[in-house]
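A.B. asks: Everything below, folded, please.
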Amino acid sequence: DEIIAIESYSSDTTLDILKQYAETLPMRIEQRPRQGIYPAWNDGLELARYPLSYVACADDVVYPDAFRYLRKLREQAPDASLFSWRVDVIDSQNCITVQGGSPIVKVLWQDWARVAHIRPGIADSLTAMSMGSPYLSMMGVAFSTSLWKETGGFTTEYGPAGDVAWQVHAGLRTDVVYSPHTLAAWRFHERGTT
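C.D. replies: Below is the predicted model of the structure:
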């Protein structure tokens with residue numbers, strides 16, 4: 001529906017690459033001063049025109065059927081505000097090195113990790129506070145834009161844990177619709193930003 005690229009005046013060919021994609025995709029490129037990842041996410045979400053949002057970073061790979069599948073999940077749970085799914089870890093050659101999601105979820109909710117379900121968001125909130133993110137990364141999460149606004153957005157107050165802080169606030173406000181399908185991958189390599 002809409003791709004918003006927040007580009008922080010990169011010194012490489014990022015802007016040229018984005019412009020090439022914008023020729024064939026519904027992409028809007030917005031340049032912003034380099035302030036860090038969370039201000040960039042907030043800037044992009046502030047510009048979003050659709051009720052459901054997904055944040056992707058430089059090392060994320062979204063599988064081709066991900067958004068079609070997400071639409072189906074949303075149709076099945078139209079009042080939900082937070083959606084989660086499995087994420088693979090891949091190497092620089094696209095080979096899967098870790099399959100299927102958060103180790104925390106696999107340990108705490110073994111049965112839940114294998115089946116589609118709706119769980120109380122408070123479970124994710126408490127997990128984020130005590131053990132870290134129940135999601136392998138934000139690439140395994142989609143959320144309503146209104147939920148993002150209710151939480152006050154992503155904070156820089158906690159440094160690199162701004163997404164975990166957001167997850168605590170989000171889980172206190174809504175249940176989580178979970179799918180055991182893998183919809184994205186995180187590319188892990190020695191030069192990766194994360």
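
A.B. asks: Can you name the residues bridging to residue 142?
C.D. replies: residue 54, residue 83 (DSSP bridges).

A.B. asks: Could you check how many residues crowd around it?
C.D. replies: With neighbours defined by other C-beta atoms under 10 Å, the count for residue 142 comes to 23. All C-beta spots, glycine's among them, are computed from the backbone N, C-alpha and C.

A.B. asks: Can you list the strands that the strand with the most length in the chain pairs with?
C.D. replies: Ordering each strand of the chain by length in residues (DSSP state E) puts strand 176-187 first. Strand 176-187 pairs in its sheet with strand 60-62 (antiparallel), strand 82-90 (parallel), strand 117-119 (antiparallel), by DSSP bridges.

A.B. asks: Single out the most deeply packed of these.
C.D. replies: strand 82-90 (a mean of 22; mean count of other C-beta atoms under 10 Å).

A.B. asks: could the strands paired with strand 176-187 go into TSV alongside mean pLDDT and distance to residue 1?
C.D. replies: Formatted as TSV, the strands paired with strand 176-187 follow (pLDDT from 0 to 100; distance: least, C-beta to C-beta, whole Å):
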stretch	mean pLDDT	distance to residue 1
strand 60-62	87	14
strand 82-90	89	15
strand 117-119	88	24
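
A.B. asks: my guess is residue 142 contacts residue 54, does it?
C.D. replies: Yes. Look at residue 142 against residue 54 with C-beta atoms under 8 Å: they come within range, at 4.5 Å.

A.B. asks: what does the model give residue 175 for pLDDT?
C.D. replies: Note for residue 175: predicted pLDDT of 93.

A.B. asks: ok, it - how many residues close by?
C.D. replies: With other C-beta under 10 Å as criterion, residue 175 counts 19.

A.B. asks: Tell me where the model's unsure across this protein.
C.D. replies: The model of the chain has pLDDT under 70 over residues 101-103, 105-106, 109, 189-194.

A.B. asks: And the residue lying farthest from the centre of the chain, how far from residue 64?
C.D. replies: Residue farthest from the centre of the chain, counting by C-alpha atoms, centre = their mean, is residue 11 at 25.4 Å. Taking C-beta to C-beta, to the nearest Å as the measure, residue 11 and residue 64 are separated by 31 Å.

A.B. asks: What values do phi and psi take at residue 23?
C.D. replies: phi -70, psi -30 (degrees, to the nearest 10).
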